[in-house]
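Undergrad: Task: produce atomic coordinates for the following.
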Amino acid sequence: MADQNVPPRRPRDDRGWDGTQHPTSPAYDGYTSTPYGYDSPQQGGYPPQTDPRGQYAQPGYAAQTGSRSPYAQPAPQGSQWVGPQGFGQPARVPAAGPGLPNLDDDGEPGRKVDRRKALAAIGGTAAVVAGGAALAMTPQIRGLFGDESATAGDATGTTVTDGTAARPSGQQPSTVRTYTEQNESYMGSRAGEALKKNNPAGGRTFSGPAAAAAETKVTVKTVLAKDPVLHLARRATFGATPKVLAEIKERGIDGWLRWQMDPDKIAPTKAELKLAELSTLKLSSEQLREQRDQLNERGAQPEREMVDATIARQIWSDRQLFEVMVDFWNDFLHVAADFDGGEVYRNSFDRDVVRAHALGSYPQMLLAANRHPALLLYLNQNDSRADAVNENLARENLELYSVGVDGGYTEKDVRQAAMLQTGRGVQDGKYVFRPERHYVGKVKILGFTHANNSSDPKKAEAAIDAYLTYIALHPSTARYVAQSLATRFVSDTPPKSLVDRLAKAYTVNKGMVKPLLMTLFSSSEFWAAVGQKVRRPMEYVVATYRSAGVSPEAAPNHDNGDSKRTPYARGLRQIHDKMRELGQYPMGQPTPDGYPDVYVAWTSAGTMVNGWNEAGEILAGYRTAFTHTKAEKLVAKPPTTAGAYVDALALRLVGQKLSAKEKSLILGVAGVASGARVDATFNGAVNAVARAILASPQHHLR
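TA: Here you go, the predicted model:
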């Protein structure tokens, strides 16, 4: 954003809740307050980029009165972190703790097996296969710049009224780039260069996905099986399961994709029906505001229940492609779940903006987002008026949500867009247009010109919508969406041939999502890119729950100990808290750029080990809020020799056999030879063996 890294808190009269209404989660009892910064496993705590003028922007204004917010302190001089609560307000980050759990905690007394070393060797293979273990350079925080008051009249004139010496109006945004954590920035590292060398060359489009799968030869180096059914299941879902693989084989690749692209006709699963146990999930923003006192008394956390529900859908929904696309758009058109106001408005944004258009039209999604209280409050649009323009939303609409930072616009375009968008805001929990705040005068933005000569709400809003539609269909937007989609589904360094083809499909189909996906799945580059994506921490956890056959019912030995929440709700919150610990959870990025989608942004030994330990918890059935399949029951008829049992367990958990080297390492975990006789419990080592398989490259790659 232009003005602040994270939007400041607004005064109490425009929040849905009063103060810090929720008790601190037990998972965060060990956190301490430090200056706000990036402090997740994939991001270090580098200082922010300083404002060229040596100071920060003016503080925010009260949402409805125009008075200064008590939480927006006067802008200090010099560099300072800007946290979710405004200037000088600390954020909670992990404190130094006792370290990660012991990898050998399931070993038998007296068994002389170094499982930690073996497991690390298996995981190390995953890192090498993925393209290198070097940590990526931590992204720098974007610079913080101040507002300039808008001058009514003709904003397109030659007289510069909206620039500064540090930021001349004609300056390209890339010269004052503020989000350096873009995927392409990470891929400029040595690890990124190594990944590029393994990209499939060339590419073409076929008559359909099945034809493309049949005619494409996989030539890249990978440990994954070159099986198109398995490849599709890994990329178009949150994790291949025996059920998903059987569905693809039964319906055929084309039939399965058509089925997935019509999610309304897919019946909800038992786990989705159980989401009724999350009491705030279906409440409107108005209801959340009206019931805030009762919800506070119950300790309800609507924004967290929304994340809990998203996790449940990722694990158990049969609408897997839809959920993958929801996650994609939540990173592309990102509004953080935990922003101040998210407890009231983020549920609705998820339901009425992202999910409503995830397989529909991106231009319509962008229009809906720009009229939604969540985005307007998250990016301070409610504070913007003709005599005090706030650039945040206008900048992110260009930099992140449409053409991209190198899409051809200038700093003057940002200011004129911000002037055009004045008047939009939130009142009494609803979107409103305030004509008295709207700038009236001609604007020209990235080739879009409009007289904007009326403060009449219908005409003024029509001008804004025309501009948003223009940038949503801009050629730079087509390429930016295409690049992002290819990065998500194909490779961290997607081939230019595919990006060009997707950009053309976006333009021809006016931003419709389904034709874009069909072009992707009908392209040889998709089918040739086996093993070219690595699961991010959240994706690893979800895939592990799916692979291990966890079901949403509580285990017989579950002791809820929480009369306010059902076992299901409690279990989902436990997964949610684990993802927070790992540094990634749905809608969790505090800044509007969303999570990076490339492997080198997430390389962290600590995160990897923590994920393996979670796999161990799942296999051991420690999450009793759910029913777990015992490891010795994963294979219906376990072979009686160790080597054959490893093969059968790998087929069940990752859909394929392991390489001879990995198989040898896993047998080392159990301390047995390949031909040794074992029982269904693998002579007591089945949990360790299953966890080692879930630490293999075959489970880390997707």
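
Undergrad: does Tyr431 sit in a helix, a strand or a coil?
TA: strand (DSSP: H, G, I helix; E, B strand; the rest coil).

Undergrad: That one is in contact with Asn370, isn't it?
TA: No. Using C-beta atoms under 8 Å, Tyr431 is not in contact with Asn370, being 9.3 Å away. Placement of C-beta: from N, CA and C, glycine included.

Undergrad: what about the strands in this protein?
TA: Taking DSSP state E, the strands of the chain run over residues 31-34, 82-83, 86-87, 91-94, 424-427, 430-433, 443-445, 448-450.

Undergrad: Check these for me: which has the lowest mean pLDDT.
TA: With a mean of 26, strand 82-83 has the lowest mean pLDDT of these.

Undergrad: Flag the shaky bits of the stretch 151-300 of the chain, pLDDT-wise.
TA: 151-153, 155-198, 200-201 (pLDDT under 70).

Undergrad: Mutual contacts of Tyr431 and Asn370, please.
TA: The contact sets of Tyr431 and Asn370 overlap at Leu376, Arg424 (C-beta atoms under 8 Å, 6 or more residues apart in numbering).

Undergrad: quick one: which of these two has more around it?
TA: The neighbour comparison of Tyr431 against Asn370 (other C-beta atoms under 10 Å) goes to Asn370, with 22 against 16.

Undergrad: so that one makes contact with Tyr467?
TA: No. In this structure, Asn370 is not within contact of Tyr467 by C-beta under 8 Å, at 9.8 Å.

Undergrad: Quick check: nearest residue in space to Val354, chain neighbours excluded?
TA: The shortest distance from Val354 to any non-neighbouring residue, by C-beta to C-beta, 6 or more residues apart in numbering, is to Trp329 (5.2 Å).

Undergrad: Let me see the contact set for the residue nearest the centre of the chain.
TA: By C-alpha atoms, centre = their mean, the mean C-alpha position of the chain lies nearest to Asp331, the distance being 4.5 Å. Asp331 is in contact with Gln589, Gly594, Tyr595, Asp597, counting by C-beta under 8 Å, 6+ apart.

Undergrad: how about 6 Å then?
TA: Asp331 is in contact with Gly594, Tyr595, counting by C-beta atoms under 6 Å, 6 or more residues apart in numbering.

Undergrad: ditto for Val432
TA: Gly425.

Undergrad: I'd like to know the beta-bridge partner residues of it.
TA: Gly425 (DSSP bridges).

Undergrad: burial count for the residue lying closest to Tyr599 once chain neighbours are set aside?
TA: Excluding the flanking residues, the one nearest Tyr599 by C-beta to C-beta, 6+ apart is Val534, at 4.1 Å. As a burial measure, Val534 scores 23 neighbours (other C-beta under 10 Å).

Undergrad: Unless I'm misreading it, Val534 sits right up against Val598, doesn't it?
TA: No. Taking contacts as C-beta atoms under 6 Å, Val534 lies outside contact range of Val598: 8.6 Å.

Undergrad: picking up where we left off before, ok, what's across the strand from the residue nearest to Tyr599?
TA: Under the criterion DSSP bridges, Val534 forms beta bridges with Leu701.

Undergrad: any idea how far it lies from Leu230?
TA: Note on Val534: its distance to Leu230, by C-beta to C-beta, to the nearest Å, is 16 Å.

Undergrad: now swap in Ser524 and tell me
TA: Going from Ser524 to Leu230 by C-beta to C-beta gives 17 Å.

Undergrad: For the stretch 451-600 of the chain, which residues score under the pLDDT cut-off?
TA: By pLDDT under 70, the weakly predicted segments of the stretch 451-600 of the chain are 562-563.

Undergrad: wait, the residue nearest to Val354 sits on Ala356?
TA: No. Counting by C-beta under 6 Å, Trp329 stays clear of Ala356, with 10.6 Å between them.

Undergrad: Compare the two (neighbour count), which wins?
TA: Neighbours were counted for Trp329 and for Ala356 using other C-beta under 10 Å; Trp329 has more, 22 against 14.

Undergrad: Okay, the more buried one and Trp259: tell me how far apart.
TA: Distance, Trp329 to Trp259, by C-beta to C-beta: 21 Å.

Undergrad: Equivalent analysis for Tyr599, please.
TA: 30 Å.

Undergrad: cool, and Ser476?
TA: As judged by C-beta to C-beta, Ser476 and Trp259 stand 34 Å apart.

Undergrad: How about the contacts made by Ser547?
TA: Per C-beta under 6 Å, 6+ apart, neighbours of Ser547: Gly239, Leu653.

Undergrad: what's the pLDDT at Ala62?
TA: Value for Ala62, per-residue pLDDT: 31.

Undergrad: which of the residues in the helix ranked longest in the chain are buried?
TA: Counting residues, the longest helix found in the chain (DSSP state H) is helix 242-260. Buried residues in helix 242-260, defined by neighbour count with 16 or more other C-beta atoms under 10 Å: Val244, Leu245, Glu247, Ile248, Ile253, Asp254, Trp256, Leu257, Trp259, Gln260.

Undergrad: State the pLDDT value of the closest residue to the last one other than its chain neighbours.
TA: By that I understand Gln260. Excluding the flanking residues, the one nearest Gln260 by C-beta to C-beta, 6+ apart is Leu321, at 3.8 Å. pLDDT for Leu321: 98.

Undergrad: how about the helices in the stretch 351-500 of the chain?
TA: Assigned by DSSP state H, counting those that start in this stretch, the helices in the stretch 351-500 of the chain fall at 355-357, 362-369, 373-378, 392-399, 411-420, 457-472, 475-489, 496-508.

Undergrad: what's the angle between the fifth one and helix 457-472?
TA: With axes from the mean of the first three to the mean of the last three C-alpha atoms, to 10 degrees applied, the angle from helix 411-420 to helix 457-472 works out at 150 degrees.

Undergrad: Helix 411-420 - contacts with which helices or strands?
TA: In terms of contacts (3 or more C-beta pairs under 6 Å, 6 or more residues apart in numbering; DSSP states H and E), helix 411-420 is packed against helix 392-399, strand 443-445.

Undergrad: which of those is buried the deepest?
TA: Of these, the one with the most neighbours on average (mean count of other C-beta atoms under 10 Å) is helix 392-399, at a mean of 26.

Undergrad: Point out the other helices and strands that that helix packs with.
TA: helix 411-420.

Undergrad: which ones are touching Tyr470?
TA: Contacts of Tyr470 by C-beta under 6 Å, 6+ apart are Phe448.

Undergrad: One more: Ser348?
TA: Counting by C-beta under 6 Å, 6+ apart, Ser348 makes contact with Ser285.
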